[in-house]
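Participant: build me a model from this:
(chains A and B)
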Amino acid sequence: MADYLPHTAEEIDEMLSFVGLDSIDELFAHIPAAVQVAGGLAIPQGMAEPDVSAWLEELAAANRDLVCFAGAGAYDHEVPAVVRALAMRSEFVTAYTPYQPEVAQGVLQAIFEYQTVVSRICGMPVANASLYDGASSLVEAVNLTVASSGSSKVLVSRGVHPHWRAVLRTFAVGTGHEIIEVDLHDGQSQWPTDLSGVGTIVVAYPNVLGCLEEIAALRPMANAVGAKLVVAIDPVLAGSVATAGSLGADVVIAEGQPFGTALSFGGPYLGIFATTHEEIRRLPGRLVGQTLDTEGRTAYVTTLRTREQDIRREKATSNVCTNQTLMAVAAAVQLGWLGTQGLAAIARNSIRAGRYAREQLLAISGIESATGSTPSLREFAINLPMDASTVIERVADDGYLAGISLGALTDGESGVIAGDPFKSLLIATTERRTRSQIDGLVASIAKAVA
Amino acid sequence: MARVAGGRAQSAPLLGRASEPTIFEISESGRSCFQLRSQDLPEWELDELIPAEHRGEAVPLAEVSERDLVAHFTRLSHRQFAVDLGAYPLGSCTMKYNPKLCDSVAAMPRFAGIHPSTPASLSQGWLEVMVTLEEWLCEVTGMAAATLQPAAGAAGELTGLLLMRAYHEARGDQRRRIIIPDSAHGTNPASVSLSGYEVTTVPSDERGCVDMEALRAVLDTDVAGIMLTNPNTLGLFEEDIVDIAAAVHEVGGLLYYDGANLNAILGVVRPGDMGFDVVHMNLHKTFATPHGGGGPGAGPVAVSSRLTEFLPGPRPVRRDGGVAWEGSPSSIGRVHGWHGNALVLLRALTYMAVHGGDGLRRVAERAVLNASWIRQRLSGTFALASDRPCMHEVVFSAAALRREHGVKALDLAKRVLEEGFHAPTMYFPLIVEEALMIEPTETESLATLEALADALERIAKEAAIDPSQSAAAPRTTPVTRVDEAMAARKLIATFDALD
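Facilitator: Reported below is the predicted structural model:
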């Protein structure tokens, strides 16, 4: 039976004899016999690698290979060979948290570079070394702003990703935060006029329907009641639209998957998190700082560690230990590959495709905008004359993933769009979508709803 | 002929000892290397596409050639220790070899390229992966059902605590406290705080295990449960576990199993059979999914049947010859943006399929054999934290060297780096003075263990004769000892902060 264990039979005997035992089972003699596994685990017999590979190829074939028009934080952007090759280098892949900085300068410097590009994209002075995904960034952002504002009352726009809000609600049971969700009308949050007692306002820019909200006005509203402003962004659009920092955000969060991580059925992704100097002692997760070694050379190390769980235990700012470093390294490489012009180009090309697709689809009889005339960029919602999930199933036969049923995404929640969310389709585009693909999608949807 | 260690990295190539410039310094304005697909779409510019009041200024990023990009990150990788280079006996982290097959499976386009919103009917391969993994993890842990959503161990802990809370609340039972041994990982108390419970710490006894008397003294109907790592962070199996379970259950509390050390007991003993109600696993430890420089991990949580209805949803469930997503009305809700760290889950499934049930038991056997060998071999060099038999890891105390020669565990760890190994975990668990925690894992050979033990013996002897050697270490690494105090005092967390 082949496996990854190095021991020869002779070595096992030698080692057992060295530790004074006669058999392997004696290693476990101090475990009460009554609770030991009798007869082995009911997991199939081990298989050789080629057999496992063949089995998994077969399972993979049961996933349909479709041209992707789905988004909601997970986008089909180009991940070039160079990014895949560098991010898969085994020194990055098989290291752990840089606890010994002298032998972890590679990961530490890559994270330092990641923190720099993330801080520029968010327009904020400080970014952490990553969190699990956009949803975890939202949870941690709210924990930070609740502590900072001293109020547990949190206003969250329904334009924030519905799954992220669901995760926020789950964890609020433990923290006791009061989460108040704010409806959208034509893709714009309808903030209450009375914000008294509110400590945190969370808005997405653009929001889950792809609409740009008027968030510049939120800053003075927040200031009037001493509330903190958390802004969730689509990081690909940063710079093409104003950065969240320039609009006055206290915390900027994002799903970082578009930078160098494949769609991956939803994970592992990358939680982007950036904030102000003022909040740095409340920062969740790891932070890398530049310093010197004893010979005066530039070196990097995890810093402000007294915020973290392994030191502060129950008083830590967060329980995060393992984060998503490898995805952060991939993002650093991807943004190196894109450069200033590349980031602007993928934003432009993604929006071009979105505009073209939206115009073509709205020309189909029976299909309407779900967000009125509010401008959208690379993602938009349309109302169909029938169930969106039925349309998705039909269009898949032509080779396209048409988008996401808004009803499925929001679990049928009201207050996101005016009509029936199950008849609304959320469509996203990237720089990888071509005219012929979009024309094909449009023809297929037209046929499906006819 | 003497054995030669395959797990020693002293020959790792380093051409020089200069710093690597940042990518921002290599950058030259106007250079670029990105290449995008031709779309054949109307060539609207950003100013036509975005309303003027929302337009921003381009974000400055490094501008490099592809060649320089590759050189920069390849050189960074040369400044990084990793399992693929050599032994990484970092206690509590289970830094075992990560099979390459798992990476190639995770790169299969019909796994990696699938959007997470893809309806179940169009992603049956993924759902089958998830439901099979859930079944196997339940078999390994002796549990009834699981959620694969938590993205890491700490996320699993918080999820598990919220499940315990939901269970008690559904019974109209308000409880306030969670018991944690003083040897626990820091994530345990941090997670308890976030779950809205208060931490009650119980001390360890002279064996290094939970002090039964102290435990009984704090148990009452205000206790929601206890979080235990078994084997614990001293590498010891909690031999009183059956009594502990009975005592906690007697007051209506639940038992939470922190799966950080699950590697030691695969196929030997199952948390469910010991009496645990909730288990989180660290797939990046036990099931060999690579640690990625600090993540991604995956922290699925398995529960006994009485907690199943509270699991996060939707969950993949076998229905009519296929697999469907299903939610439960009493679910605590989502704990991840999508379905969890899917590609990590796929790697774990691959690893389990290669090993099978019998192979997983062999993993635990060899992990414990390797640690026991190290324990025996070094017991004359460092003081053992416990005289009990160890499981997959062993904790020593270097307090004598500190007391007699002023050499700290930190110094010894830095000196180990010069020998071509990653250092053991130091200063953990907190209850052991000058702790050095060694977890060799099952994938290191006897020759590598011998070389590691030889190095530690040599370092300890040397420290007693010439403490300056350890104090000056490491000297052969890309940088020498790093000024951590300066990093915190004068924070430079981005390249822009240098201005």
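Participant: where does the residue of the stretch 101-250 of chain A found nearest chain B land in three-state SS?
Facilitator: Per C-beta to the nearest C-beta, residue A:106 is where the stretch 101-250 of chain A lies closest to chain B, at 3.0 Å. Using the backbone N, CA and C atoms, a C-beta is placed for each residue, glycine as well. Under the three-state scheme (DSSP: H, G, I helix; E, B strand; the rest coil), residue A:106 adopts helix.
Participant: check the gap between it and residue B:83 for me.
Facilitator: Applying C-beta to C-beta, to the nearest Å, the value for residue A:106 to residue B:83 is 14 Å.
Participant: name the residues contacting each of the two.
Facilitator: Common neighbours of residue A:106 and residue B:83 (criterion: C-beta atoms under 8 Å, 6 or more residues apart in numbering or on different chains): residue A:95.
Participant: how about the nearest residue to the residue of the stretch 101-250 of chain A closest to chain B, chain neighbours excluded?
Facilitator: In space, and not counting its chain neighbours, residue A:106 is closest to residue B:80: 3.0 Å by C-beta to C-beta, 6 or more residues apart in numbering or on different chains.
Participant: ok, the one you found touching residue A:96?
Facilitator: No: Residue B:80 is beyond contact range of residue A:96, at 10.8 Å (criterion: C-beta atoms under 8 Å).
Participant: who's more crowded, those two?
Facilitator: Higher neighbour count among residue B:80 and residue A:96: residue A:96, with 28 against 25, using other C-beta atoms under 10 Å in any protein chain shown.
Participant: thought that one was touching residue B:294?
Facilitator: Yes: Residue A:96 is within contact range of residue B:294, at 6.3 Å (criterion: C-beta under 8 Å).
Participant: show me what from the stretch 351-450 of chain A comes close to chain B.
Facilitator: A:351-353, A:355-356, A:375, A:377, A:389, A:392-393, A:396, A:401, A:404, A:408-409, A:431-436, A:438 (C-beta under 8 Å from any C-beta of the partner chain).
Participant: try it again with 6 Å
Facilitator: A:351-352, A:356, A:375, A:396, A:401, A:404, A:431-432, A:434-435 (C-beta under 6 Å from any C-beta of the partner chain).
Participant: and the stretch 101-250 of chain A, by the same measure?
Facilitator: Contact residues, the stretch 101-250 of chain A versus chain B (C-beta under 6 Å from any C-beta): A:101-103, A:105-107, A:109-110, A:113, A:115-116, A:119-121, A:126, A:132-135, A:163, A:166-167, A:169-170, A:174, A:212, A:238-243.
Participant: which members of those occur in strands, if any?
Facilitator: residue A:126 (DSSP state E).
Participant: buried subset of the residues of the stretch 101-250 of chain A next to chain B?
Facilitator: Taking 16 or more other C-beta atoms under 10 Å in any protein chain shown as the criterion, what is buried in these is A:101-103, A:105-107, A:109-110, A:113, A:115-116, A:119-121, A:126, A:132-135, A:163, A:166-167, A:169-170, A:174, A:212, A:238-243.
Participant: not counting sequence-adjacent ones, nearest residue to residue A:173?
Facilitator: Nearest to residue A:173 is residue B:162, by C-beta to C-beta, 6+ apart, at 6.2 Å.
Participant: show me the contacts for residue A:329.
Facilitator: For residue A:329, the contacting residues are A:87, A:92, A:110, by C-beta atoms under 6 Å, 6 or more residues apart in numbering or on different chains.
Participant: from these, which ones fall inside helices?
Facilitator: Counting by DSSP state H, the contacts of residue A:329 place A:87, A:92, A:110 in helices.
Participant: ok, the first one touching residue A:330?
Facilitator: Same thing as residue A:87. Yes: between residue A:87 and residue A:330 there is a contact under C-beta atoms under 6 Å: 3.8 Å.
Participant: give the contact list for residue A:105.
Facilitator: B:79, B:478-479.
Participant: do you know how far the residue of the stretch 101-250 of chain A closest to chain B is from residue A:392?
Facilitator: Applying C-beta to C-beta, the value for residue A:106 to residue A:392 is 43 Å.
Participant: same question for residue B:300.
Facilitator: Counting by C-beta to C-beta, the gap from residue B:300 to residue A:392 is 29 Å.
Participant: give me the distance between the helix or strand bottoming out on mean pLDDT in chain A and the centre of its chain.
Facilitator: Ranked by mean pLDDT, DSSP states H and E, the helix or strand of chain A with the weakest confidence is helix A:309-312, at a mean of 80. With C-alpha atoms, centre = their mean, to the nearest Å as the basis, helix A:309-312 stands 25 Å off its chain's centre.
Participant: next structured bit after that helix?
Facilitator: helix A:325-362 (DSSP states H and E).
Participant: can you give me the mean pLDDT across whichever helix or strand comes after that following helix?
Facilitator: Tracing the chain C-terminally past helix A:325-362 and defining elements by DSSP H and E, one meets strand A:368-369 next. For strand A:368-369, mean pLDDT is 97.
Participant: same check on stretch A:53-70?
Facilitator: pLDDT averaged over stretch A:53-70 gives 98.
Participant: and it, anywhere near chain B?
Facilitator: Yes: contact of stretch A:53-70 with chain B (C-beta under 6 Å from any C-beta) involves A:56, A:59-60, A:62-65, A:68, A:70.
Participant: those, buried ones only, as a ChimeraX selection?
Facilitator: With 16+ other C-beta under 10 Å as the criterion, this ChimeraX line picks the buried residues out of the residues of stretch A:53-70 next to chain B:
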select /A:56,59,60,62,63,64,68,70
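Participant: now intersect the residues of stretch A:53-70 next to chain B with the strands, please.
Facilitator: In strands, defined here by DSSP E, the members of the residues of stretch A:53-70 next to chain B are residue A:68.
Participant: do the helix or strand hosting residue B:372 and chain A meet?
Facilitator: Assigned by DSSP H and E, residue B:372 falls within helix B:342-378. Yes: legend: contact between helix B:342-378 and chain A by C-beta under 6 Å from any C-beta is shown at B:342-344, B:350, B:353-359, B:365-366, B:368-369, B:372-373, B:376.
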